[in-house]
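Asks: Okay, predicted coordinates and the sequence, questions at the end:
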Amino acid sequence: MYYNTVIIADGTFPTHEIPLEYIRNAGRIICCDGSAGATINSGFEPAAIVGDMDSLDDELLSKYSDRIYTDKNQETNDLTKAVQWCYGKGYSDIVIVGATGKREDHTIGNISLLAEYCTYADVIMITDNGIFRPYLKSSDIKSYPGQQISIFSIDPDTTITSRGLLYPLEETKLKNWWCGTLNESVKDVFSLHFDRGRIIVYMKF
């Protein structure tokens, strides 16, 4: 359970032991500006705080001025700014926590962005309930019998075939995000086969 870089987004701060363990084991913690207060109050020290700084109070702005990286670009959100900052520093192994909760529109947006981040970084998203992992090509995925699985196709024309799931997909196009939800692994490994497109897999703890 180790990713060198952990980004803490400004959703609900993690309470489950699994995302907290990722934070504890991180080589570096990068905060979106809105998450810095909760991160510090939880006993963790950010190596960098990235964002437009509209959510960071003056006390933290002053105290952590040596590690604040302001990006005023309004065409991206603070999570994307943090991921791109990490990539620019050569930090390509990234786990994102705190990206869900609070606002549903932010949650949906943050999850969908995994399909963009994975084109240049090894990235996963950990919540208090499970893990989101993006895929750009056919893959065998470690699991366990009974694990709850949901599959989201970012590109509706992607044709997916699965092996090792309770409800198989046979050259299936998932036309909406609900279509691949509430499946279940029946083996220690399941596989997804697709020729093109972007897929996000959710695996419940």
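Replies: Happy to help now that I have it.

Asks: which residues touch the lowest-mean-pLDDT helix or strand in the chain?
Replies: Lowest mean confidence among the helices and strands of the chain (mean pLDDT, DSSP states H and E): helix 58-63, at a mean of 88. Contacts to helix 58-63, defined as Cβ atoms under 8 Å, 6 or more residues apart in numbering, come from residues 36, 37, 40, 49, 53, 68. Using the backbone N, CA and C atoms, a C-beta is placed for each residue, glycine as well.

Asks: ok, now stretch 112-125?
Replies: 3, 77, 79-80, 83, 86-87, 92-97, 99-100, 110-111, 131-136, 154, 198-200.

Asks: now the residue nearest to the spatial centre of the chain, nearest residue through space, not along the chain?
Replies: Central residue of the chain (Cα atoms, centre = their mean): residue 125, 2.4 Å from the mean position. Distances taken as Cβ to Cβ, 6 or more residues apart in numbering place residue 132 nearest to residue 125, at 4.1 Å, with adjacent residues excluded.

Asks: returning to what we had before: can I get the CA coordinates of the least confident helix or strand of the chain in PDB?
Replies: Output of helix 58-63 as PDB, limited to C-alpha atoms (Å, rounded to 0.1, in the frame of the first residue of the first chain):
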ATOM      1  CA  ASP A  58      -4.300  34.100   5.500                       C
ATOM      2  CA  GLU A  59      -2.600  32.300   8.500                       C
ATOM      3  CA  LEU A  60      -1.800  29.200   6.400                       C
ATOM      4  CA  LEU A  61      -0.900  31.400   3.400                       C
ATOM      5  CA  SER A  62       1.800  33.000   5.600                       C
ATOM      6  CA  LYS A  63       2.900  29.900   7.500                       C
END
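
Asks: check contacts around residue 110.
Replies: 9, 11, 77, 79, 96, 99, 100, 125.

Asks: how about the helix or strand harbouring the last one: buried residues?
Replies: When you say that, I think you mean residue 125. Secondary structure assignment for residue 125, by DSSP states H and E: strand 122-126. Across strand 122-126, burial judged by 16 or more other Cβ atoms under 10 Å covers 123, 124, 125, 126.

Asks: As a markdown table, these with pLDDT and distance to residue 64 would be great.
Replies: A markdown table is the format used below for the buried residues of strand 122-126 (pLDDT from 0 to 100; distance: Cβ to Cβ, whole Å):
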| residue | pLDDT | distance to residue 64 |
| --- | --- | --- |
| 123 | 97 | 25 |
| 124 | 97 | 26 |
| 125 | 98 | 25 |
| 126 | 98 | 24 |
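
Asks: Against residue 27, how distant is residue 150?
Replies: Remark: distance between residue 150 and residue 27 (Cβ to Cβ, to the nearest Å) = 30 Å.

Asks: If you count surrounding residues, which of those two has more?
Replies: More neighbours surround residue 150 than the other of residue 150 and residue 27, with 19 against 12 (other Cβ atoms under 10 Å).

Asks: Can you check the pLDDT for the more buried one?
Replies: As predicted, residue 150 sits at a pLDDT of 98.

Asks: Assign it to helix, strand or coil.
Replies: strand (DSSP: H, G, I helix; E, B strand; the rest coil).

Asks: Just grab the bridge partners of it for me.
Replies: residue 202 (DSSP bridges).

Asks: got a list of what it touches?
Replies: Contacts of residue 150 by Cβ under 8 Å, 6+ apart are 180, 181, 182, 183, 201, 202.
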